[in-house]
Structure formats: structure tokens, C-alpha cells
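Peer 1: A structural model of the following input is requested.
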Amino acid sequence: MEQQALIRWEKIAQFIDQEVINLQNGLNSGYSAAKPVVKRVVQQLDALMATSLEKSPFNALLVSTASAEYLSSMKVLLKSRLLVSLTAYRDFLVNHYLVFAREQLTVTTNPNGASCYKALLRYNTTLKRTPEQVFQLGQKTVNERSKQVVALGKEFFHSTDFSSTITHVNNMETDRFSSKGELLNFAREAVKRAGSEEHHWFGKLPKSSVVVTPFPTYQEGTGVSPNYDGPVGDKPGIYWIPLYQPEKQSRGRVEITAFHEAFPGHHLQIAHAKELGQAHQVESLILNSGYVEGWARYSEMLAEEMGLYSTQTARVLRRAWPARGMVVDPGIHAFGWTRQQAVDYIVASGSFNTEVANALVDRIANIPGQLTSYDSGGLEIMALRKMAEQKLGEKFDIKTFHDKTLENGAITLPMLKSHIEYWIETQN
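Peer 2: Just a heads-up that it's a prediction; the model follows:
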């Protein structure tokens, strides 16, 4: 095993070297990433390489139970091979790639960019929709949810419209954290609360647990979003949470994200998929964003139905942001939106400040179409549930619906629709 680990990490260094070659080939053919995205990558690399080996993620490779020979060889590999490759990669980006990186955010400035964007929408959502159709459905959904925000604003804060409701939420000092520790404990309590309610809503639950873990220092403040790593072997899943500027983070947003990333969102779905006994092994490795992020978005709604939210702001923000990704993503890549237009649109939701909104815009530039997958999938799953409720009536069981939705892993949304329709037919 030790020798295999050394071979694999030598291959990582080769992978980085090859990435430099691939990027240069892309430039030679007229393709490039957007400049702001490249600058963020450089910032992350600088932070990583400024971190001592003992505090870096690479330290996990230096396990105390390993042989002296392995530890010596791995330290040499890390210092003389991997870090050298990372440094060369960083220098290539700064001294060469940035000069030629595209100024525009939209991928359509690359060769065949418009066709690429249409394909990326299909790839990320698994649905046959044009940029126009995604944009229009997003606008329709945003308008519907905005009316719900106004209604909640009147109930909670005596607000009169969307803007005043969001202003009230953003100005609530009691919705912020006083320290990183308070933020972390709040997120952990939310995940624990959700886990204790799962058996009421699901017939089959994953065996793997999930832990809430702070970002490593080198990632804090670099634009990296909260994220989830699935369980490996007997190791739990990990919900990685940023503790950056806790005084600016909303309790409501932290709750929403916790339920999205852990229970009943990503952890429940991905851990469940990894434990499928009848599925082909490849099913535990292959994901599609339309299903995976769609389930997590549906989980944000489900969490409210489960009575998990402890804040009023979560109920407002849960409705204020969703589906805006279906608008701003094609807005940038298909309809010529500027960075300022996109940032203003994101900030208007009340869920993100200007700094986070700029990071989100760069993310859209870097992975076109992916941000549309959350609500494309969430809306599809919710529509399937409504269909099942209507057709089955008193026979509808929420546990069974959830189990049927999850039982085949991350299948495409059209496949999920066929599966649920077949299940409904067999119940009558």
C-alpha cells in the first residue's frame, strides 16, 4: 500500500505537468479561461504553498503508523516533485497564461462558445433545454418565490415589499455570529438536529455519518464555496464549512447550507448511493449535477417541511435565492450580462454580499451551466412528488417516495421521471 501511494502521488505531479501543456494547447487553439478565474486560482496556490507542510493537506500523507522508509520517500516526493510542479504551474499562470486569458466572462468568446454553452447546459442539468428556456423558467420561478418572500416579510417584519424584507434580514445583528466557534457550533447543531429527524421521512438511511469540518486556512477567503466530500470506506462524509468573517455570515444562510450539504441533502443522497448493493460499482463514482444538486435544493425545502429551521431568516433566504442561478448563468453566457449586472442581481437576493457575489460570478465564468442545475433538478423532483401525491392520493407515502427517488443513485432527471412514473403505475 505504501508503494502504491508513492506511485499515485508521483502521478499527481505528472498530472499537474500535463495540465500546463494542456492549457498551452488551449491557448494555441484560441481557448482560455476568464482572467478573474485565473487570478483566484493563483491566490489559492499562493496560500497553499505558503502553508507549512505540517499544516497543509499533504501532511495527511505522512501518517504516523507508516514505515520510516515510506515517510522519508514521501517527504522527498512532496518537496522535490509535487511542490516543484505546483510552483511551475503557478508561475506559468502568472507569467504567461494571464497575459492571454480572456477578458470577457462569457464562454461564448471562445471558439464555438455558443454551442459549447448549450452542450454544457445539457451536461449539467441532463435536460434538453435551450438557454432561453432555462432563463425564462428561472425568471418565472424567481417571481413566484419573490411573492412568497413578500408574504413572509409582512408576517415576520411588517415589511411591505421584497426589497424592504431583504434589507431587514441583512440588518439583523442577531442573525450574525460573534466568533468562528459560535458559527461552527451552530452548523454542527443544525446537522445533528436534521439527523435526529431523518427516520420520519426516509425508510432507508445510509450507514455512514457526516462531520462538519472547518476549511483549511489556505482556502479561507479565496472564494471557495462550502462543499461536501462523500464517505470513503469507514471514514465519514465531510461537510467543509468556511468560518471566514463570521460577523458577516447569516445564521439563516448557514442553516440552509447545512441542510443542503449534509442532512437531508448531499450526505444522505451520496452516502446512500455509495452503499447501493445492487448497483454497478461505477454508480458510486459517477454523478450528474442535475440530480445531485437538484436533490440538495429539494432538501432545503424539505428541511422546512421537517421543521428544522430555527431562524426566520432561513425561511426568507431559502425563497429569495433559488432559481436565480437559472437566470444569472445564461444571463452571463447567452445574453451579454456584465459583471456588475450579475453581481447586482445576486446581491439583490439578500443571500450574498458583494464579495461573495463576485466569487459566484467567477464560478459561473469557470463552470458554465452548472449553477442552473440546482433549481433545474429541484423543480423536477418537486414536480415528480406533486405528481405522485395527486395520482396516488391516500396511497402516497413520503418515505417510499424518497426511497424510490434515491434508490438508483445519481441517474439523469429523465431517467428519474420514468422510474417514478413506473412506480406510480405499480401502486394502482
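Peer 1: okay, now the residue nearest to Ala303 when sequence neighbours are not counted: neighbour count?
Peer 2: Computed as Cβ to Cβ, 6 or more residues apart in numbering, the closest residue to Ala303 that is not its neighbour in sequence is Phe259, at 3.9 Å. The C-beta positions use only the backbone N, C-alpha and C, and glycine is treated the same way. Applying other Cβ atoms under 10 Å, we find 29 residues neighbouring Phe259.
Peer 1: wait, Phe259 touches Gly265, no?
Peer 2: Yes. At 5.8 Å, Phe259 counts as touching Gly265 under the criterion of Cβ atoms under 8 Å.
Peer 1: and for the two, which residues touch both?
Peer 2: By Cβ atoms under 8 Å, 6 or more residues apart in numbering, Phe259 and Gly265 have these common neighbours: 299-300.
Peer 1: mind checking the pLDDT average for the helix or strand the residue nearest to Ala303 falls within?
Peer 2: Here Phe259 is covered by helix 251-261, with elements defined by DSSP states H and E. Looking at helix 251-261 alone, the average pLDDT works out to 97.
Peer 1: quick one, strands of this protein?
Peer 2: 210-214, 227-229, 237-241 (DSSP state E).
Peer 1: ok, now which ones touch the nearest residue to Leu45 once chain neighbours are set aside?
Peer 2: In this structure, Leu45 finds its nearest non-sequential neighbour in Arg90, 4.4 Å apart by Cβ to Cβ, 6+ apart. Arg90 sits next to 42, 45-46, 49 when contact means Cβ under 8 Å, 6+ apart.
Peer 1: how much space between the residue nearest to Ala303 and Arg193?
Peer 2: Separation of Phe259 from Arg193 (Cβ to Cβ, to the nearest Å): 9 Å.
Peer 1: shared neighbours of those two, anything?
Peer 2: Common neighbours of Phe259 and Arg193 (Cβ under 8 Å, 6+ apart) are Leu308.
Peer 1: quick one on the thing from earlier: just the angle between the helix holding Phe259 and strand 210-214, please?
Peer 2: Interaxial angle of helix 251-261 relative to strand 210-214 (axes from the mean of the first three to the mean of the last three Cα atoms, to 10 degrees): 130 degrees.
Peer 1: okay, now the closest residue to Lys75 other than its chain neighbours: neighbour count?
Peer 2: Spatially, and ignoring its direct neighbours in sequence, Lys75 is nearest to Leu62 (7.0 Å; Cβ to Cβ, 6+ apart). By the measure other Cβ under 10 Å, the count of residues near Leu62 is 14.
Peer 1: return the distance of Leu62 relative to Glu2.
Peer 2: Leu62 is 12 Å from Glu2, by Cβ to Cβ.
Peer 1: still on that earlier bit, give me the buried entries from the contacts of Arg90.
Peer 2: 42, 45 (16 or more other Cβ atoms under 10 Å).
Peer 1: how about JSON lines for the contacts of Arg90, with pLDDT added?
Peer 2: Converted to JSON lines, the contacts of Arg90 look like this (pLDDT from 0 to 100):
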{"residue": "Val42", "pLDDT": "96"}
{"residue": "Leu45", "pLDDT": "94"}
{"residue": "Asp46", "pLDDT": "94"}
{"residue": "Met49", "pLDDT": "90"}
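Peer 1: returning to what we had before: now the strands of the chain in CSV, with distance to Ile420?
Peer 2: Shown next, in CSV, are these (distance: least, Cβ to Cβ, whole Å):
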stretch, distance to Ile420
strand 210-214, 26
strand 227-229, 25
strand 237-241, 26
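Peer 1: need the contact list for Gly181.
Peer 2: Contacts of Gly181 by Cβ under 8 Å, 6+ apart: none found.
Peer 1: surely Trp201 meets Lys399?
Peer 2: Yes. Trp201 is within contact range of Lys399, at 6.4 Å (criterion: Cβ under 8 Å).
Peer 1: between these two, who's got more neighbours?
Peer 2: Ranked by neighbour count (other Cβ under 10 Å), Trp201 and Lys399 place Trp201 first, with 17 against 13.
Peer 1: for that one, what are phi and psi?
Peer 2: phi -120, psi -10 (degrees, to the nearest 10).
Peer 1: ok, it to Leu83 distance?
Peer 2: Per Cβ to Cβ, Trp201 is found 47 Å from Leu83.
Peer 1: Gln249 now?
Peer 2: Distance from Gln249 to Leu83, by Cβ to Cβ: 33 Å.
Peer 1: count of residues packed around the closest residue in space to Lys154 that isn't next to it in sequence?
Peer 2: Leaving aside its sequence neighbours, Lys154 sits nearest to Thr160 (Cβ to Cβ, 6+ apart; 7.3 Å). Using other Cβ under 10 Å, Thr160 is surrounded by 11 other residues.
Peer 1: surely Gly290 meets Lys128?
Peer 2: No. Counting by Cβ under 8 Å, Lys128 is not a contact partner of Gly290; they are 11.5 Å apart.
Peer 1: neighbour-wise, which of those two wins?
Peer 2: Between Gly290 and Lys128, counted using other Cβ under 10 Å, the more crowded position is Gly290 (30 against 10).
Peer 1: and the more buried one, how far is that from Arg129?
Peer 2: On the measure of Cβ to Cβ, Gly290 and Arg129 end up 11 Å apart.
Peer 1: can you check His158 too?
Peer 2: 39 Å.
Peer 1: looking at these two, which has the bigger crowd around it?
Peer 2: Comparing His158 with Arg129 by neighbour count (other Cβ under 10 Å), the higher total belongs to Arg129, at 18 against 10.
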